[in-house]
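K.L.:
Kindly generate the corresponding structure for this input.
(2 chains)
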Protein chains: 2
Amino acid sequence: VKIAVLGTGAVGGALGFRWAQQGHEVFFGSRTPESADIVDLVKRSGPTAQAGTCAEAVTDAAVVLLAIPWEVTRDVLSSVGNLDGKILLDCINPLTADLKDLQFGFTDSAAEKLASWFPSAIVVKAFNTLSAATMQNAVYGDQNASMFYCADNAEAKAVVKQLTEELGFDPVDCGPLRISRHLEALAMLYVHLAIFEGWGGDCAFKMLKR
Amino acid sequence: VKIAVLGTGAVGGALGFRWAQQGHEVFFGSRTPESADIVDLVKRSGPTAQAGTCAEAVTDAAVVLLAIPWEVTRDVLSSVGNLDGKILLDCINPLTADLKDLQFGFTDSAAEKLASWFPSAIVVKAFNTLSAATMQNAVYGDQNASMFYCADNAEAKAVVKQLTEELGFDPVDCGPLRISRHLEALAMLYVHLAIFEGWGGDCAFKMLKR
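P.N.:
Numbers count the residues shown, from 1 in each chain, chains lettered A, B, ... in the order given. Modelled structure (predicted):
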């Protein structure tokens, strides 16, 4: 799969690196693709990785991972050209600056806003309830962390499920994109526990089944 | 611990039975305490269980489990006498009739409303993210389901943590009562998965840690 990874912080770096290691063509998009950090990230990620502007990254991509701050997402996506039929993999949580609340929710979500702003793209909410540490390593003892995702398009979901399983996560299909409201609330609970209740990033939600 | 269990449906029946089996004094409160179902429940629960009106159940209780529908909770609690210092164990989710949404949330929660209506009581949000099947049996293979709870009172939390561990759950202290907003949203996600995505009640959230 040709994957554009917009943003090269902890989230984009972890997922992009690992997908490149799986043999996917990963194109990191950044405002500063020639910075030392990104040159190093590309080198570590291996021969199927490269970096460029966000527009260059998106051009041939089938999947676009949004690992940039919510505040710039609309502007960045408006500037990268044609998004028709591309999967927007939305792992963003629209947190307030103090990390104590979501900016909006309950009757709306970041994913639903993106879908309304970019109707020719296919938004999949995914990877938003996991820490960067868990993105690097999904394994907790004999358990694998769950990755909760939702979307309105079955084919796009199948692509994301595959990309999830390749990284060792247990995919949990949560249904239509509307459920992203609950997934962003779940992320809010996670952020609260990790930051304000002392759990840190080495914890993850799992859906147990019997 | 003297526990009043208001409501004798799947939730009240499961938790009340199991706490009575642990030796706690469980007083089931019901509009129809002499019905065959409740007589049977008391008999099965053992010598430390009894049933009566909700007011009788609450009188000497230290902990009051609210296992009644949200719509009647305020009226019932207004009719049972003094609640000073009692722990209101709130496992209620204020779902819409079609089970597809919460009636309110994001900036409010059932638990926060209860705390504002009954300020002399101590509200603990707990057991609201679990199915009745998981309340009956917390064990999933070599994992125990997590029980997410929150409150503003440390002593009340310690009581609830103990009651949780006695039933085999892994307690997850989620902080202040305000976090009940996120726990009710988590319950909404659970209900969606269980009912509309085919998971059923034999699944449960777990917080993995390493």
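
K.L.:
Downstream of the helix or strand harbouring A:Glu112, the next helix or strand is which one?
P.N.:
Applying DSSP states H and E as the criterion places A:Glu112 in helix A:110-117. Once the chain leaves helix A:110-117, the next helix or strand it forms, by DSSP H and E, is strand A:122-125.

K.L.:
Going C-terminal from that following strand, what's the next secondary structure element?
P.N.:
helix A:132-136.

K.L.:
packing partners for that following helix?
P.N.:
helix A:10-21 (3 or more CB pairs under 8 Å, 6 or more residues apart in numbering or on different chains; DSSP states H and E). Heads up, the C-betas are built off the backbone N, CA and C, glycines and all.

K.L.:
one step back: residues in contact with the helix holding A:Glu112?
P.N.:
A:66, A:70, A:73-74, A:77, A:88, A:90, A:92-94, A:121, A:123, A:125, A:150, A:152, A:177-178, A:180-181, A:183-184 (CB atoms under 8 Å, 6 or more residues apart in numbering or on different chains).

K.L.:
What of stretch A:189-198?
P.N.:
For stretch A:189-198, using CB under 8 Å, 6+ apart, the contacting residues are A:93, A:95, A:99-100, A:129-131, A:199-201, A:203, A:205, B:148, B:172-175, B:179, B:182-183, B:185-186, B:207.

K.L.:
Chain B versus the residue nearest to the spatial centre of chain A, what's the distance?
P.N.:
Residue closest to the mean C-alpha point of chain A, counted by CA atoms, centre = their mean, is A:Cys91 at 3.4 Å. According to CB to the nearest CB, to the nearest Å, A:Cys91 and chain B sit 17 Å apart.

K.L.:
how far away is the nearest residue to that residue once chain neighbours are set aside from chain B?
P.N.:
Once flanking residues are discounted, A:Cys91 sits nearest to A:Phe127: 3.8 Å by CB to CB, 6 or more residues apart in numbering or on different chains. Distance, A:Phe127 to chain B, using CB to the nearest CB: 16 Å.

K.L.:
if I look at A:Phe127, how far off is B:Gly13?
P.N.:
From A:Phe127 over to B:Gly13 the distance is 39 Å, taken as CB to CB, to the nearest Å.

K.L.:
Comparing these two, which residue is more hemmed in?
P.N.:
A:Phe127 (28 against 23; other CB atoms under 10 Å in any protein chain shown).

K.L.:
ok, the more buried one - contacts?
P.N.:
Contacts of A:Phe127 (CB under 8 Å, 6+ apart): A:11, A:15, A:65, A:89, A:91, A:135, A:147, A:149.

K.L.:
For chain B, state which of those is nearest.
P.N.:
A:Tyr149 (11.7 Å; CB to the nearest CB).

K.L.:
sec struct for that closest one, please.
P.N.:
Judged by DSSP: H, G, I helix; E, B strand; the rest coil, the three-state class of A:Tyr149 is strand.

K.L.:
Report pLDDT for the closest residue to A:Thr96 other than its chain neighbours.
P.N.:
Once flanking residues are discounted, A:Thr96 sits nearest to A:Gln103: 5.8 Å by CB to CB, 6+ apart. Note on A:Gln103: pLDDT of 98.

K.L.:
cool, the one 3 residues further on as well?
P.N.:
Confidence per residue is given as pLDDT, and for A:Phe106 that number is 97.

K.L.:
quick one: it and B:Asp108 touch, right?
P.N.:
No. Applying CB atoms under 8 Å, one finds A:Phe106 not in contact with B:Asp108, separated by 9.8 Å.

K.L.:
count of neighbours near the residue nearest to A:Thr96?
P.N.:
Neighbour number of A:Gln103 under other CB under 10 Å is 14.

K.L.:
That one is in contact with A:Leu95, isn't it?
P.N.:
Yes. Using CB under 8 Å, A:Gln103 is in contact with A:Leu95, at 7.1 Å.

K.L.:
Give me the buried positions along stretch A:185-202.
P.N.:
The neighbour-count check on stretch A:185-202 (16 or more other CB atoms under 10 Å in any protein chain shown) flags A:185-194, A:197, A:199, A:201 as buried.

K.L.:
Tell me how far it lies from the chain's centre.
P.N.:
Counting by CA atoms, centre = their mean, to the nearest Å, stretch A:185-202 is centred 17 Å from the centre of its parent chain.

K.L.:
what pLDDT, on average, does that stretch get?
P.N.:
On average, stretch A:185-202 scores 98.

K.L.:
ok, now stretch A:110-123?
P.N.:
98.

K.L.:
Counting neighbours, what do you get for A:Lys161?
P.N.:
By other CB under 10 Å, the burial measure for A:Lys161, its neighbour count, is 18.
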